[in-house]
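1. Sequence and predicted structure are below.
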Amino acid sequence: MLGRCAARALGALRGLREGAPPARSPGPSRRLLSSEKVSEKDHSLPKPCWSKDMRLLFDQFMKKCEDGSWIHLPSYEDIATQRSQDFSTFIHAYFPTASEQINKEKLSQGRIFTRSFEDGLGFEYVMFYNDAEKRIVCVFQGGPHLQGMPGFFHGGAIATMIDATVGMNAIVSGGIVMTANLNINFKRPIPLCSIVLINSQLDKIEGRKLLVSCNVQSVDEKILYTEATSLFIKLNPEKEFHIKELVLNSAPPA
Ligand SMILES: CCCCCCCCCCCCCC(=O)SCCNC(=O)CCNC(=O)[C@H](O)C(C)(C)COP(=O)(O)OP(=O)(O)OC[C@H]1O[C@@H](n2cnc3c(N)ncnc32)[C@H](O)[C@@H]1OP(=O)(O)O
């Protein structure tokens, strides 16, 4: 059985896509047709650019989801519903000064960084969550546009996927959080275009602080590429009632 917080957060992730009308009426400069259509795509489902191994791992984890111990997490490139507009309002209220500096026209072009590449060229990944173990495993296939040293992934690309994975673990466990600290040990370079597993674990919750660690391993678990620890801070728990409103009616079935 999912913890209530996890259920709410997962509900939010699903609810952000479901049921609610589009939040933003398109301005004259917004190219509605292409971006709206694309933003509906769940990138965590198999695509032609996924390698056989990636597909195999996806199928293996989906099998583990059948008894409810693991949950497949959907993933979109934009958050474009009414409830996400409320989420955005919450974030901007939390950082009023920074919010004033945001170019509001550009905001409508905002996309989740990891979902901004053409299929197969950047970040291809799917995450699975285990509530009992407070773990998220991310199956990651990096594309050729993530190169750093010739033939290997860029460290920033690895850091991005680590942040996305431990961040999702913290969001599912704690609600609206931000990365305060991320420590990474790069132990072995990761060959470009290979598939790796990012295993993350919620270690501790101390008040508003969530500590999440992770490692990046080869699929056969023989090579430990990277290790990381992170600290997430839950934003303003007094406003939690508001977050609850955001996810109201979007909780997944019990
Ligand atoms: C819902 C669905 C959403 C879907 C979205 C999907 C996207 C997925 C994206 C994936 C994820 C991507 C995620 C991203 O990319 S998040 C983007 C990168 N992160 C940021 O930009 C965050 C910038 N930092 C801040 O805004 C603030 O510092 C925050 C909000 C983090 C805390 O400022 P706030 O004013 O709120 O809190 P506080 O200062 O009173 O501190 C509170 C406590 O915490 C302790 N502390 C603070 N900092 C540190 C530190 N560095 N080391 C050690 N300790 C630290 C502090 O001492 C205090 O402890 P104590 O004195 O109480 O003991």
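-> Received it, and whenever you're ready, just let me know what you need.
2. element containing the closest residue to the ligand within the chain, please.
-> The chain approaches the ligand most closely through Gly167 (2.5 Å), counting by C-beta to the nearest ligand atom. Glycine gets a C-beta too; all of them are placed from N, C-alpha and C. Taking DSSP states H and E as the criterion, Gly167 maps to helix 155-174.
3. Which strands or helices does that helix pack on?
-> With contacts taken as 3 or more C-beta pairs under 8 Å, 6 or more residues apart in numbering; DSSP states H and E, helix 155-174 sits against helix 4-15, strand 123-130, strand 135-142, strand 177-186, strand 195-206, strand 209-218, strand 224-234.
4. Pull out the buried residues from that helix.
-> Of all the residues in helix 155-174, those buried under the rule 16 or more other C-beta atoms under 10 Å are 157-158, 160-174.
5. Distance of Ile184 relative to Asp203?
-> From Ile184 across to Asp203, the span is 16 Å (C-beta to C-beta, to the nearest Å).
6. before we move on, back to that, any idea how far Ile112 is from the residue of the chain closest to the ligand?
-> 11 Å.
7. follow-up on the earlier one: just the helices and strands packed on helix 155-174: most buried one?
-> Most buried of the helices and strands packed on helix 155-174 by mean neighbour count (mean count of other C-beta atoms under 10 Å) is strand 135-142; its value is a mean of 24.
8. any idea of the angle that strand forms with strand 195-206?
-> Using axes from the mean of the first three to the mean of the last three C-alpha atoms, to 10 degrees, the inter-axis angle of strand 135-142 relative to strand 195-206 is 150 degrees.
9. Need the contact partners of strand 135-142.
-> Identification of contacts with strand 135-142 by C-beta atoms under 8 Å, 6 or more residues apart in numbering yields 50-51, 54, 57-58, 61, 73, 122-130, 153, 157, 161, 164-166, 168-169, 172, 190, 192-202.
10. wait, isn't Asn169 in contact with Lys134?
-> Yes. Judged on C-beta atoms under 8 Å, Asn169 makes contact with Lys134 at a distance of 7.2 Å.
11. could you point out which element follows the helix or strand encompassing Phe61?
-> Per DSSP H and E, Phe61 falls inside helix 52-65. Heading C-terminal from helix 52-65, the first helix or strand you meet, by DSSP H and E, is strand 71-73.
12. Now that next one: average pLDDT?
-> Mean pLDDT, strand 71-73: 93.
13. Write out the residues of this protein neighbouring the ligand.
-> Counting by C-beta under 6 Å from any ligand atom, the residues of the chain close to the ligand are 12-13, 87, 112, 163-164, 167-168, 171, 178-181, 208-209, 231, 233, 235.
14. rerun at 5 Å
-> For the chain, the residues in contact with the ligand (C-beta under 5 Å from any ligand atom) are 12, 164, 167, 178-181, 233.
15. Report pLDDT for the residue of the chain closest to the ligand.
-> You'll see Gly167 listed with a pLDDT of 95.
16. still on that earlier bit, now do the shared contacts for Asn169 and Lys134.
-> 201-202.
17. remind me which residues of the stretch 151-254 of the chain are low pLDDT?
-> 236-254 (pLDDT under 70).
18. Could you list the residues in contact with the helix holding Phe61?
-> By C-beta under 8 Å, 6+ apart, helix 52-65 touches 46, 50, 70-72, 124, 126, 128, 137, 139, 141, 195, 197, 219.
19. one more time with 6 Å, if that's ok
-> With contacts defined as C-beta atoms under 6 Å, 6 or more residues apart in numbering, helix 52-65 is touched by 46, 70, 72, 126, 128, 139, 141, 195.
20. before we move on, what about stretch 215-235?
-> Applying C-beta under 6 Å, 6+ apart, the external contacts of stretch 215-235 come out as 94, 158, 162, 166, 170, 174, 176-188, 190, 195-199, 208, 210-214.
21. same thing with stretch 184-197?
-> Contacts for stretch 184-197 (C-beta under 6 Å, 6+ apart): 53-54, 140-141, 147, 151-153, 155, 159, 216-217, 219, 224-228.
22. Sweet, I'm off.
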